[in-house]
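**Q** Need a 3D model of the following:
(one chain, ligands or ions: 1)
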Amino acid sequence: MKCKYCLQDTNVVKIGKLSYEQYYKCRNCNKHFTYTILDQIDPQEIQRLLNNGVHRYAIAREYGCTHNAINSYIKKHHLIESTIERVTFKS
Ligand SMILES: [Zn+2]
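**A** Residues are numbered from 1 along each chain as shown. Modelled structure (predicted):
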């Protein structure tokens, strides 16, 4: 496991789990960070799912990560979500 900050792969310890996300602490630079399975997935793969109209929450479930994780992943990799038609209810 590589630290996201100092990129050292020694001295990184697991400190706990919140929902699906595993928290790590780097003893080298003392920073905390999360690591999800998404970090190992090719953004193009996620983009393909989005292109197929798969909702981001469904993707999150599929990969066992949180909504927040998929949201930041989409942002981070500048993925484009297919437009979702909004349904408006008339009262
Ligand atoms: Zn570090």
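
**Q** How about the residues of the chain by the ion?
**A** By C-beta under 5 Å from the ion, the residues of the chain that approach the ion are 3, 5, 6, 26, 28, 29. For the C-beta atoms, the positions are set from N, CA and C on the backbone; glycine is no exception.

**Q** And the furthest pair within the residues you listed?
**A** 5 and 28 (8.7 Å; C-beta to C-beta).

**Q** which residues touch the residue nearest the centre of the chain?
**A** Nearest to the mean C-alpha position of the chain, by C-alpha atoms, centre = their mean, lies residue 69 at 3.2 Å. Contacts for residue 69 (C-beta atoms under 8 Å, 6 or more residues apart in numbering) come out as 20, 21, 34, 36, 38, 60.

**Q** again, only this time at 10 Å
**A** 19, 20, 21, 34, 35, 36, 37, 38, 39, 60, 63 (C-beta atoms under 10 Å, 6 or more residues apart in numbering).

**Q** pLDDT at the second one, what is it?
**A** In this prediction, residue 20 carries a pLDDT score of 65.

**Q** same check, this time on the fifth one
**A** What the model reports for residue 35 is a pLDDT of 77.

**Q** now it: how far from the ion?
**A** 12 Å (C-beta to the ion, to the nearest Å).

**Q** Count the residues that sit near that residue.
**A** Using other C-beta atoms under 10 Å, residue 35 has 18 neighbouring residues.

**Q** Quick check: phi and psi on it?
**A** Note on residue 35: backbone dihedrals following degrees, to the nearest 10 are phi -140, psi 120.

**Q** That one bridge partners, please.
**A** Beta-bridge partners for residue 35, by DSSP bridges, are residue 22.

**Q** wait, what's in contact with it?
**A** 1, 2, 3, 4, 12, 14, 21, 22, 23, 24, 69.

**Q** Take these and write them to TSV, including distance to residue 43 and secondary structure.
**A** Below are these laid out as TSV (distance: C-beta to C-beta, whole Å; DSSP: H, G, I helix; E, B strand; the rest coil):
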residue	distance to residue 43	secondary structure
1	21	coil
2	18	coil
3	21	coil
4	17	coil
12	24	strand
14	26	strand
21	18	strand
22	20	strand
23	23	strand
24	22	strand
69	13	helix
